[in-house]
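**Student:** coords below, sequence missing:
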């Protein structure tokens, strides 16, 4: 059970693909201009991660070690193609606005990274959970980034949500404040870099704060002082 | 007898940061006075807003970083950033433009990179680019000189325009930019760019009322005033000659080439040197000791790169003036320039000779 808890913590916080591994930055920065776009791409990536982790984990004992990467890539490409077709069928408008970034999930380092680092070495269920959590972590960062940028740029929330959720979703749209001159920088790519920088800084600040409180409690209980550095390294 | 062993540099300049910054701000005064004379006192409002915002944001960040606030405020670097940004933006731009821009310059461009001495980019110019990209409409609302404005500028008009977007009589900025014939007037650089793109020749374009016998009306004197301030800075040994000479020389040379090839399609070197923010950039912005190159040879390359970029963007780019973009791009190149222009260490042979 603690294994699964660890997987969850790794995916959502400690090893978050968006904030710590900094993988998949290209779609992260390019499609996070609105909440709808970022959720759409986040869900697609999550679905791909779960499916590829599942398949890679199933075939992990059959795959020869020497040619595992091409096989993983083929699995990923097949899954992404299927999901792209699905999105074109059910959320056509959204797939239009995400454009090339849906097929580009194939090259997203998170997907091949999890297949290689986790799913090819672990049984079925942990692999699925890992894919789900990594995808969820990525989606959360995308969503947060999209929220900040849409709010700063246009002063709205969930603008155009009907492209993802269907016609009822127009009620989700909230206009927080009305501006005649949009804050263009937040919508343009430099704004994505800046907001992501602030998000990473916030995460590091929280980590640093936790670490100092942990060190304070640890220093009381620790009696032995030799090999402190090495034992701490192995613990971390 | 013991000798004190200290590492280099052994020869210290006796001028403190605070005095240097004060002198640079003083040297801006003739240019600011000219701006007031030709365009009204709106620029003074922008200056006040900018300086107050700069102080407030500097104090805020220093407090957050748990650094001493008052000593850092007293070095006047934040004030200088505010002054340089305030003279660069249109005098009638809404108040939130200058407030946002100054806060961005101080908090993000300067303090987040580590404060004075650590910023990669020139804060004022990075903030200018930030504003121009974010609010293109407000950032291009330059009014023509006072003598050309169809609506006589009233005493309180700058205040009304900055805080309500309209003049006291209720005219919008677009209406204020319009002359008696109903034509919208732009800055000289903008006018030339638009006219050339619509197929007019330079001679035809220069017939427009925004031009003087030399350069754009008003702008030529503002640039001469900044040149005067810059020469005073050089005489005071606040700045060295290399960067301004390289900027102005390259810009002059490039525009001379264009002018010689086809004088009907390329503005004269004199016009380029006395338009927009050329002199401000050459003497006040490019010479920023933090974001400029630090080696002697490197400063020549750095200045030349700025001059070249200004000319290229003005002539072939999408924007009428290019000082901020040129300075930022050159800032990016500074680490590389510094690396390749390292001076020979005393006692070592120059690279390549064995």
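**Tutor:** Arrived safely, thanks for sending. Every value quoted in this text rests on a predicted model; they were computed, and no experiment measured them. Residues are numbered from 1 along each chain as shown, chains lettered A, B, ... in the order given.

**Student:** Residue nearest the middle of chain A, spatially speaking?
**Tutor:** residue A:138 (1.0 Å; C-alpha atoms, centre = their mean).

**Student:** Phi first, then psi, for the spatially closest residue to that one that is not a sequence neighbour.
**Tutor:** Computed as C-beta to C-beta, 6 or more residues apart in numbering or on different chains, the closest residue to residue A:138 that is not its neighbour in sequence is residue A:17, at 4.6 Å. C-betas here are computed from N, CA, C, even on glycine. The phi and psi values for residue A:17, taken as degrees, to the nearest 10, are phi -60, psi -40.

**Student:** if we can go back for a sec, pLDDT score assigned to the residue nearest to the centre of chain A?
**Tutor:** At residue A:138, the model reports a pLDDT of 92.

**Student:** Look through the stretch 1-150 of chain B and state the residue closest to chain A.
**Tutor:** Residue of the stretch 1-150 of chain B nearest chain A, by C-beta to the nearest C-beta: residue B:134 (4.1 Å).

**Student:** That residue: how many residues sit nearby?
**Tutor:** Counted by other C-beta atoms under 10 Å in any protein chain shown, the residues lying close to residue B:134 total 25.

**Student:** OK, contacts around the closest residue to it other than its chain neighbours?
**Tutor:** Once flanking residues are discounted, residue B:134 sits nearest to residue A:185: 4.1 Å by C-beta to C-beta, 6+ apart. Applying C-beta atoms under 8 Å, 6 or more residues apart in numbering or on different chains to residue A:185 gives the contacts A:153, A:191, A:194, B:130, B:133-134.

**Student:** go with 7 Å
**Tutor:** Contact analysis of residue A:185 by C-beta atoms under 7 Å, 6 or more residues apart in numbering or on different chains lists A:191, B:130, B:133-134.

**Student:** which one of those residues is nearest residue B:316?
**Tutor:** Closest approach to residue B:316 among the contacts of residue A:185 (C-beta to C-beta): residue B:133, at 19.4 Å.

**Student:** before we move on, back to that, which ones are touching the residue nearest to the centre of chain A?
**Tutor:** Contacts of residue A:138 (C-beta under 7 Å, 6+ apart): A:17-18, A:24, A:42, A:45, A:110.

**Student:** hmm, which of those are the buried ones?
**Tutor:** A:17-18, A:24, A:42, A:45, A:110 (16 or more other C-beta atoms under 10 Å in any protein chain shown).

**Student:** Of the contacts of residue A:185, grab the buried ones for ChimeraX.
**Tutor:** ChimeraX command restricting the contacts of residue A:185 to the buried ones, with burial defined by 16+ other C-beta under 10 Å:
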select /A:191 /B:130,134
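
**Student:** ok, of the contacts of residue A:185, which one's closest to residue A:147?
**Tutor:** Taking C-beta to C-beta as the measure, residue A:147 lies nearest residue A:191 of the contacts of residue A:185, at 12.9 Å.

**Student:** was I right about the closest one contacting residue A:150?
**Tutor:** No: in this structure, residue A:191 is not within contact of residue A:150 by C-beta atoms under 7 Å, at 10.6 Å.

**Student:** For chain B, list the residues in contact with chain A, please.
**Tutor:** B:130, B:133-135, B:137-138 (C-beta under 7 Å from any C-beta of the partner chain).

**Student:** try it again with 8 Å
**Tutor:** Selection of chain B residues close to chain A by C-beta under 8 Å from any C-beta of the partner chain yields B:108, B:130, B:133-138.

**Student:** Taking the residues you listed together, which two end up most distant?
**Tutor:** B:108 and B:137 (22.6 Å).

**Student:** Among these two, which residue is more densely surrounded?
**Tutor:** Ranked by neighbour count (other C-beta under 10 Å), residue B:108 and residue B:137 place residue B:108 first, with 21 against 11.

**Student:** Determine whether the claim that residue A:206 is in a strand is correct.
**Tutor:** No: counting by DSSP: H, G, I helix; E, B strand; the rest coil, residue A:206 is not part of a strand but helix.

**Student:** for residue B:333, phi and psi?
**Tutor:** Taking degrees, to the nearest 10, you get phi -80, psi -10 for the backbone angles of residue B:333.

**Student:** contacting residues for it?
**Tutor:** By C-beta under 8 Å, 6+ apart, the contact set of residue B:333 is B:302, B:305.

**Student:** so what pLDDT did it get?
**Tutor:** 94.

**Student:** how far away is it from residue B:108?
**Tutor:** Noted for residue B:333: a distance of 21 Å to residue B:108, by C-beta to C-beta, to the nearest Å.

**Student:** swap in residue B:201?
**Tutor:** To residue B:108, residue B:201 is 44 Å away according to C-beta to C-beta.

**Student:** what do you get for residue B:255?
**Tutor:** Distance check for residue B:255 against residue B:108: by C-beta to C-beta, it reads 34 Å.

**Student:** about what we covered before: tell me which of the buried ones among the contacts of residue A:138 is nearest to chain B?
**Tutor:** residue A:18 (20.4 Å).

**Student:** ok, the closest one touching residue A:24?
**Tutor:** Yes: the pair residue A:18 / residue A:24 is scored as a contact, 7.2 Å apart, by C-beta atoms under 8 Å.

**Student:** Residue A:168: how many residues sit nearby?
**Tutor:** Neighbour tally, residue A:168, other C-beta under 10 Å: 9.

**Student:** Also residue A:105?
**Tutor:** The tally of other residues near residue A:105 (other C-beta under 10 Å) stands at 25.

**Student:** Go ahead and confirm it touches residue A:77.
**Tutor:** No: with contact defined as C-beta under 8 Å, residue A:105 does not reach residue A:77; the gap is 9.7 Å.

**Student:** can you pull the contacts of the residue nearest to residue B:67 when sequence neighbours are not counted?
**Tutor:** Counting by C-beta to C-beta, 6+ apart, residue B:67 lies nearest to residue B:115, which is 7.6 Å off, once chain neighbours are set aside. Residue B:115 sits next to B:65, B:67, B:72 when contact means C-beta under 8 Å, 6+ apart.

**Student:** I'd like those as JSON lines, with neighbour count and secondary structure appended.
**Tutor:** Listed next are the contacts of residue B:115 as JSON lines, based on neighbours: other C-beta atoms under 10 Å in any protein chain shown; DSSP: H, G, I helix; E, B strand; the rest coil:
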{"residue": "B:65", "neighbour count": "13", "secondary structure": "coil"}
{"residue": "B:67", "neighbour count": "12", "secondary structure": "coil"}
{"residue": "B:72", "neighbour count": "20", "secondary structure": "helix"}
